[in-house]
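Engineer: Dropping a prediction and its sequence here:
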Amino acid sequence: MNAGSNSRDRLPSALAFQSSFVVSGFGSRIELRTYGAFVSATSAKRPRSSSFSHRYALPRMVPRACIPRNGDDVIESQNLSAQSAGEDLSKAPPTNGNTEASPAENGIGETIQSTDVVDTKNTVMNVEEGGQKPNDSPKDQKVNTEETEKSAVGIAGFFVWAWTAFKRALAPGGFVWGLVTGVAISAVVLFSLAGYGPRDSLLREKVALFDLILQDINSSYVDKVDINKLFETGVNSMLGTLDPYTQFENNAQAVEMSVKTNGRYAGVGLGISLGDAESGEKNRPIIVVSAFEGYAFDAGIRPGDVIEAVAGNPVDGNSLERVTDMLRGEPGTAVDLTVKREGSSQPLTFTLARKNVHIKDVPVSTFVGNPKDRIGYIRLQSFAKDAGAEVQEAVEKLMGSADSNMPGSGLRGLVLDLRGNPGGLLNAAIDVSEIFVPKGATIVSTKGRGLGSGPTFVSAKDPLLPPDVPLAVLVNGQTASASEIVAGAVQDLDTGVVVGSKTFGKGLVQNVQELPFKTALKYTVGKYYTPSGRCIQALNYEQSNGDGPVEITEVQENQRQEFKTRQGRSVRDGGGIEPDVEVQSRPTFLELALHRQNMYFRFANKYGAELKLPSLPGSFEVTDSIYRDFVKFVSTSEFKYESKFDEAFSELDNMYSDVGYETARSKVGDLKRATQMDMKSDFIRHEKEIRVQIDSAIRYRFQPDSERIIAELRNDDQLAEALRVLKDPIEYQDLLRAKPVAVTTLAQAGTEAKEVKQQ
């Protein structure tokens, strides 16, 4: 079979289905419908309907070449359409690129769209073996057993229907309801479960029990229950025993998933979030955390504004989802937004135009450092479907700008900034990688229980960036998933150096299965592997033996394996992407506490109110006076600075108290006070890092992203190191070269040992 043919035409016995594929970083996802083919041993006997919606996690292959590891031919299914939904996007204000926080805490994540790929050799074999053969082979016995199972399921379905109808008929006026419900349940059992094999009887039993329990509670519990909440609680508790990326998405969450991964929606260009619970959990204010350049920002809305009314309707008591719905609408319409702004005595009302909002993957591309060095910079903050096109446009622009200046200038280096990028679409990761890696080079592969060895994705075109232009990729602890695919491909193929700190280590692949009632199920199906063959997943998730939550363990150092890059450099699996040039940016306890309690954000609002200027002066910097004001602001607010020592101090204090060792207990108190004094001095020891964050927060309050990001680059230690490496061709090439290995050998006389170096 030739690659690229229509799988539904080539394999008449195959099951055609809609599929969507996700490599999820921390929680975001996508909906992309494509057609694929799946064949089981009994598919020739009884193929399912093509309308059955199934999500199978394999990356998109067209128009790229797919080279299976076993060399078999493949079928490439065609990408049909992508569905996007509009919604105002709620997101937390970004931190400076040098500050790391756990992406798991931020709840950010990403997904990957793609089409299915089927191994045609095995597919044909399965189709041929699906029919009847003489002498009743074991496979025929299995098929017959499955058919018997299906008959048994039909009988079970009838009894479920009869039982349900009988129970409901006993209730006053409940006969018709019971009859209809019973028929529906019977249909579900007959058609949805009829394809299950003999090992699935336990699954069918649990499905039936869950249905009956839900119905009984809904009809007979002493108080009226919220059936939606009850159902979601049950499902979420069940999925909570698995990894944190396996999630049920209700209607609103499924829409948000589509918004984040498509990068487009119809709205006003505003990010909103719940404020502090100072007035109780039910009365938390709704705060603007981001106003997009070209949309709400241009209309006058600023981060920190508290929303009071939408179109004249107060938002008190409304959920975040409800306010989002109020802001959304048809492009071309407008909506009035009333906000309370710190420093203003009266509410402010702005008229916002609803538009088709495009959230840029590349907010900034420019030249950095000394203009004579001609080093370009691209900030890639997400991997939505247009990421590849935006990066390509940015590279072409930088190359054109460099060539149009003084003769012989050219683009002499490029920095691709992936810090804080939680990932996105696998297709987008492949698109971006193709700009930098050689044609025919492996980019990524996938493996999993349901995926087998999975496909291998290779670059189908020549790189846009010339090979003689040095490349540096900036990463940190918030660089995850699709971002790690790009960084891993660049590192394993030795096409650039990775600078910064170790990445998050998210190497799992998620599928998104579209469910009825505009809901979805996202679940983990496999892992992805970089070109060298390593998986960078840093955490293991195992179901607890008891009733507790999933057990999370880190991949131990002695479990990590070594792999080789194209030029023979050593790299390791199991712990994220380790940079070639390490520049640590790990925040201190104080910095993390300031971030988590929104001290920077709140101080920026206070400063903005006192400044009483529409924009920041061009010469703005965090002066000593501003820094002292910040320290005073933190000390007079309800800021809780707790360290990892506090729990140990409390435990020691209780232990000494229980046995009456008062002298020792007093020493614990002295040690605790001394530690608190040292913690207070952190404002002096880490003043430089805190100043950078204050500067970023204030700029975020006043400036659009394009201006703010460029201004922040002036205080960026990781970027400075990347520029230094790119300007030193000898060091750059040395970083990409395999290091000599010291080997001890005996001299011919056998009396002396020497060290010789082997390349």
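Structural biologist: On my side now, so go ahead. Here the structure is a predicted model, which is why all the values come from computation and not from measurement. Numbers count the residues shown, from 1 in each chain.
Engineer: mind checking which helix or strand of the protein has the lowest mean pLDDT?
Structural biologist: Per-element confidence for the chain was summarised using mean pLDDT, DSSP states H and E. The lowest value among helices and strands belongs to strand 74-76, with a mean of 22.
Engineer: In the protein, spot the strand with the most residues.
Structural biologist: Across the chain, the longest stretch assigned as strand under DSSP state E is strand 519-529.
Engineer: Please, where are all the strands along the stretch 351-500 of the chain?
Structural biologist: When secondary structure is read from DSSP state E, counting those that start in this stretch, the stretch 351-500 of the chain shows strands at 355-358, 364-368, 375-379, 413-417, 442-447, 456-458, 471-475, 497-500.
Engineer: Residue 520 is nearest to which of the ones you listed?
Structural biologist: In terms of CB to CB, the element of the strands of the stretch 351-500 of the chain nearest to residue 520 is strand 442-447, at 20.4 Å. C-beta coordinates here come from the backbone N, C-alpha and C atoms, glycine included.
Engineer: thought residue 262 was touching residue 383?
Structural biologist: No. Because the distance of 11.4 Å does not satisfy CB atoms under 8 Å, residue 262 is recorded as not touching residue 383.
Engineer: Same drill for the two, tell me which one is more crowded.
Structural biologist: Between residue 262 and residue 383, counted using other CB atoms under 10 Å, the more crowded position is residue 383 (37 against 23).
Engineer: so who does the more buried one touch?
Structural biologist: When contacts are counted by CB atoms under 8 Å, 6 or more residues apart in numbering, residue 383 is found next to 110, 361, 421, 423, 424, 425, 428, 429, 432, 482, 483.
Engineer: Just list whatever residues bridge to the residue nearest to residue 398 when sequence neighbours are not counted.
Structural biologist: Distances taken as CB to CB, 6 or more residues apart in numbering put residue 376 closest to residue 398, at 3.8 Å, once the chain neighbours are dropped. Using DSSP bridges, the bridge partners assigned to residue 376 are residue 367, residue 414.
Engineer: what's around residue 376, how many residues?
Structural biologist: By other CB under 10 Å, the residues close to residue 376 number 24.
Engineer: In contact with it, which residues are there?
Structural biologist: Under the criterion of CB under 8 Å, 6+ apart, the neighbours of residue 376 are 365, 366, 367, 368, 395, 398, 399, 402, 411, 413, 414, 415.
Engineer: Provide a PyMOL selection command restricted to the buried entries of the residues you listed.
Structural biologist: Buried members of these, identified by 16 or more other CB atoms under 10 Å, are gathered into one PyMOL selection as follows:
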select buried, resi 365+366+367+368+395+398+399+402+411+413+414+415
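Engineer: so which one among the contacts of residue 376 has the lowest pLDDT?
Structural biologist: Ranked by pLDDT, these bottom out at residue 402, which scores 59.
Engineer: helix or strand for residue 289, which one?
Structural biologist: In this structure, residue 289 sits in strand 286-291 according to DSSP states H and E.
Engineer: List the neighbouring strands of that strand plus their orientation.
Structural biologist: Each strand that strand 286-291 pairs with, and the sense of that pairing, follows from DSSP bridges: strand 270-274 (antiparallel), strand 306-310 (antiparallel).
Engineer: so where's the chain shaky on pLDDT?
Structural biologist: Confidence mapping of the chain against pLDDT under 70 gives the ranges 1-199, 261, 276-282, 402-409, 452, 544-548, 643-644, 740-759.
Engineer: Let me see the domain layout of it.
Structural biologist: 264-358, 364-582, 589-734 (automatic domain parsing).
Engineer: Packed most tightly, which of those would that be?
Structural biologist: Ranked by mean neighbour count, the domains of the chain are led by domain 364-582 with a mean of 21 (mean count of other CB atoms under 10 Å).
Engineer: got the end-to-end distance for that domain?
Structural biologist: 24 Å (CA to CA, to the nearest Å).
Engineer: I'd say residue 330 and residue 355 touch.
Structural biologist: No. Residue 330 lies out of contact with residue 355 (CB under 8 Å); the separation is 10.2 Å.
Engineer: Now the common contact residues for those two.
Structural biologist: For the pair residue 330 and residue 355, residues contacting each of them under the criterion CB under 8 Å, 6+ apart are residue 266.
Engineer: and which of the contacts of residue 383 is nearest to residue 594?
Structural biologist: Distances from residue 594 to the contacts of residue 383, taken as CB to CB, are shortest for residue 421 (22.9 Å).
Engineer: And the strands in the stretch 651-759 of the chain?
Structural biologist: Under the criterion DSSP E, counting those that start in this stretch, the stretch 651-759 of the chain contains strands at 741-746, 753-758.
Engineer: Secondary structure class of residue 325, three-state.
Structural biologist: helix (DSSP: H, G, I helix; E, B strand; the rest coil).
Engineer: distance of it from residue 514?
Structural biologist: In this structure, residue 325 lies at 21 Å from residue 514, with CB to CB, to the nearest Å as the measure.
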